[in-house]
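**Q** Structure of the sequence below:
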Amino acid sequence: MGGENQTCFFAHSENRVGRRHALKAHLTEVSRLAGEYLAGSAYATEGELAGLLHDLGKYGDRFQARLRGEEQGLDHWSQGAWLALFKHRAIAAALAIQGHHIGLQQLSESALRALEPKKLVANHPLQLRLSEPDVNLLEARLTSDDIHCVTPHTTLLGNNSESRLDRMLDVRMLFSALVDADFLDTEAHFQGDRNGKRYRNAGPKLQPDEALKSLLAHLGGLKRGTKAADSVAQARQQLLDSCLCAAESESGLFTLTAPTGSGKTLAMLAFALQHAIKNDLRRIVLVIPYLSIIEQTAKIYRDLFEPLFGEHYVLEHHSLAGFGEEKSKSDNEGERGKGNDAERQRRLLAENWDAPIIVTTSVQFLESLFSNRSSACRKLHRLARSVILFDEVQTLPTNLAVPTLGALSHLVHACDSSVVFTTATQPAFEHLHETVAKHCTVGWKPRPIVPELALKKRADIHWENPVGPLSWADVAQRISLETQTQALCIVNLKRHARELWEQAGSSALHLSTNMCPAHRRNTLNQVYDQLKAKQPVRLIATQCIEAGVDVDFPLVYRAYGPLEAIIQAAGRCNREGKQPQFGKVTVFMPQDEGYPPGGYEQATRITMMLLRDKGPDGMRLDDAEFITSYYRTLYDISGAHAAARAEELLGYVQAGSFPDVARAYRLIAQDAINVLVPYAEGIDDFRWLRDEADRRGLTAQWIRDARDLCVSMYRPKPDDTVWDALIPVKVAGREQRTSDDWFIYAVEDHYHPRLGLMPSGSLNNWIA
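**A** Modelled structure (predicted):
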């Protein structure tokens, strides 16, 4: 990749075999990769230009001195940004170059003019010195290295510095291609040997034809072995057939509305694979709001495809996957690679989503679309020509609906991708079309994948008068009657679940996220066994059971909550349609009323308002028009508050401020920490992990090993006594630094065998 000589300018210091990285080789390779990532788009040439100019300042003598350890505190990126801007009129390239070390900054005329070297010499916003203030000298050295920049015929933004939501996303896409190319070439240098650079192995290809054959064979086996009622089995087949038929459509926006128990998880995967075949798409991204669903969905996908395609075919990327925050570029430059080859490859592929099937969280995916950081944006270019499946979309906060829909709509329009919103209760987003259209090229007009699909009635729903509340003793008595030997009761808060469990007696089972995943899994396995054997079982749970947990009770009690939560609860009653009689769902109001933070309580009030207006007979949970009226009411009533918060974010968009947009777009407002807990049945693993944390510190492998014994909690206030029991985990390789978000719970007696972690005096801190 280019030999060394006395007149060479270098991009990076010596690698592990003593080779320095020639700047010419680095710039030309980053340019090639960035153009390759943007191939097929109108702005591939602008990406190539950004690659050639991103490290222009490294031709400065001060930067070469820095590589020798003689200088520090230098800005080597602004000069290339300035040249891209005022010689080549490439605004997006200029922003990407400026941001590849410090994050995307601001799309505005004044901010762009502030890139002028004279202004930066006089007053640099980061108090840095330019590696060389004479851009003409730098350009001359670039040319003498036989690098010639071509002004693109077409650029992303033209000469228009006006900011809009879609234009900002376009910039992020170009930024993504640049920073990924830069990281990969830098990494290849430091992993290189005497024969040159060593690039990581690319991720496997999707191969949708073979994957679909495998999936359909699996679904055929499930159909032959099903114990579901004929009506349920027929609905599942109807859903699958509709998905395969709709997949022949051109790329675009879609909705998939299917009732709980209809086989949506695998049917939407079948749609994605057939759609990829039809439209030559290269990746499937499944976006899920809850970690508990992610783990089991990813396992289903891995079991299906990894025997056929290998271990890197399905990639999980979320807070417990062991990837954490991406290293800074300067950290990466010194990375030597640790761990076995397979583990290292998995981590590398996760950094830029170079895998055919990605399973990730709503937070990870959506916040990346609005981020300004290279670590979060690096993967965005991989979303082009992808099928993106959003599960449980009713969880999207109302205040983020318009910017989110605008970004996704533009992603489809600009990147030849498809987005599918899947849920049992499709939110009424269509009425936001005109508002969304103000912020992107097209608005929000998705196509339904299936006609209205309804399962035959499986349960009767009894709505108790919400003004006649029940005590926990009353509820416990009802679910303990001898004639009701199998019963599920779902409440809104973990405090409620604990109090009801205490009233119901120790023979009852309990499920909440106070319990670590291993504990929840063992409890659910006990529930499944007792249900299958038709033995008595009473389960008291928070709403964590309402998504992705396939339990089938004849009797369900549900505390008043949002309509979509009640529908999910009803989906746990006579799920397979095999009960000799209809199941029974009772919706009740507890005396100790309370709700999780956010819009949960407001959605509950709207449910009760609809009940007052329409009466029990009018609460048609299987009717799409009724569900739509609920969501319209929800958005109308919460509109003022949501609009105010949305206007703040959209104001930052109008100002072109990438950092402010990134700060304002947050799906989860409260900060959470992760705690390794002393679950009795995993106590040996807990103690081993505790000792490993002492010996080696926090590593990616430690996080993955710890995930089964981990509980999340809102960060306690500084004076909370729970801190006395929380031991921070030190960060591996950094003796003076401890983690801000990983802790070990020190008091083993505080982990209850039924209820999970119960720190004295701190119950209200725990996430419901």
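**Q** Surely L130 touches D61?
**A** No: taking CB atoms under 8 Å as the definition, L130 is not a contact partner of D61, at 11.4 Å. Every residue, glycine included, has its C-beta placed from N, CA and C.
**Q** higher neighbour count, the two?
**A** Comparing L130 with D61 by other CB atoms under 10 Å, the one with more neighbours is L130, at 23 against 13.
**Q** Quick check: the more buried one vs L137, distance?
**A** 11 Å (CB to CB, to the nearest Å).
**Q** Repeat that for L219.
**A** For L219, the distance to L137 equals 65 Å [CB to CB].
**Q** higher neighbour count, these two?
**A** More neighbours surround L219 than the other of L219 and L137, with 19 against 14 (other CB under 10 Å).
**Q** For whichever strand or helix holds that one, list every residue counted as buried.
**A** Using DSSP states H and E, L219 sits in helix 208-225. For helix 208-225, burial by neighbour count (16 or more other CB atoms under 10 Å) applies to 208, 211-212, 214-216, 219.
**Q** Follow the chain on from that helix and name the next helix or strand.
**A** Sequence-wise, the next helix or strand downstream of helix 208-225 (DSSP H and E) is helix 230-246.
**Q** C-terminal to that next one, what's the next element?
**A** Next along the chain after helix 230-246, with elements defined by DSSP H and E, is strand 253-257.
**Q** Give me the sheet partners of that next one and which way each runs.
**A** Strand pairing for strand 253-257, using DSSP bridges, gives strand 418-423 (parallel), strand 447-448 (parallel).
**Q** just these: most buried one?
**A** When the strands paired with strand 253-257 are scored by mean count of other CB atoms under 10 Å, the highest mean neighbour count falls to strand 418-423 (a mean of 25).
**Q** what pLDDT, on average, does the helix or strand that that one is followed by get?
**A** Heading C-terminal from strand 418-423, the first helix or strand you meet, by DSSP H and E, is helix 433-437. If you average the pLDDT over helix 433-437, you get 87.
**Q** helices and strands around helix 433-437, which ones?
**A** helix 401-415 (3 or more CB pairs under 8 Å, 6 or more residues apart in numbering; DSSP states H and E).
**Q** Mean confidence (pLDDT) on the helix it packs on, please.
**A** On average, helix 401-415 scores 93.
**Q** where's stretch 526-542 relative to the chain centroid, distance-wise?
**A** 32 Å (CA atoms, centre = their mean, to the nearest Å).
**Q** Need the contact partners of that stretch.
**A** The contact list for stretch 526-542 (CB atoms under 8 Å, 6 or more residues apart in numbering) reads 479-480, 485-494, 496-497, 500-501, 504, 507-513, 545, 551-553, 768.
**Q** Which PyMOL command selects the buried ones in these?
**A** In PyMOL, a selection of the buried entries from the contacts of stretch 526-542 looks like this (16+ other CB under 10 Å):
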select buried, resi 479+480+485+486+487+488+489+490+491+492+493+494+496+497+500+501+504+508+509+510+511+512+513+545+551+552+553+768
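**Q** Where helices are concerned, which of the contacts of stretch 526-542 count?
**A** When DSSP state H defines the helices, the subset of the contacts of stretch 526-542 inside them is 479, 494, 496-497, 500-501, 504.
**Q** Out of these, flag the one nearest to V171.
**A** For the ones in helices among the contacts of stretch 526-542, the residue nearest V171 by CB to CB is K494; the value is 42.3 Å.
**Q** who's in contact with the nearest residue to the closest one once chain neighbours are set aside?
**A** Using CB to CB, 6 or more residues apart in numbering and skipping residues adjacent in sequence, the residue nearest K494 is S512, 4.6 Å away. S512 makes contact with 494, 497, 541-542, 544, 755-756, 768 under the criterion CB under 8 Å, 6+ apart.
**Q** confidence score at S512?
**A** 93.
**Q** Now do the strands in the stretch 551-700 of the chain.
**A** Counting by DSSP state E, counting those that start in this stretch, the stretch 551-700 of the chain has strands at residues 555-559, 583-588, 672-676.
**Q** Tell me which of the ones you listed sits most buried.
**A** The most buried one of the strands of the stretch 551-700 of the chain (mean count of other CB under 10 Å) is strand 555-559, showing a mean of 26.
**Q** before we move on, the earlier item: and the buried residues of helix 208-225, which is the shakiest by pLDDT?
**A** Out of the buried residues of helix 208-225, that is L219, at 92.
**Q** is it true that that residue touches L239?
**A** No: the pair L219 and L239 fails to qualify as a contact (CB under 8 Å) at a distance of 10.8 Å.
**Q** what's near enough to touch D741?
**A** Contact analysis of D741 by CB under 8 Å, 6+ apart lists 672-674.
**Q** at 7 Å what do you get?
**A** If you count contacts by CB atoms under 7 Å, 6 or more residues apart in numbering, D741 has them with 673-674.
**Q** One more: Q568?
**A** Shown in contact with Q568 (CB under 7 Å, 6+ apart): 260, 424, 546-547.
**Q** ok, and the most crowded of these?
**A** Top of those by neighbour count (other CB under 10 Å): E546, with 23 neighbours.
**Q** Now it. Nearest residue, chain neighbours left out?
**A** Distances taken as CB to CB, 6+ apart place Q568 nearest to E546, at 3.8 Å, with adjacent residues excluded.
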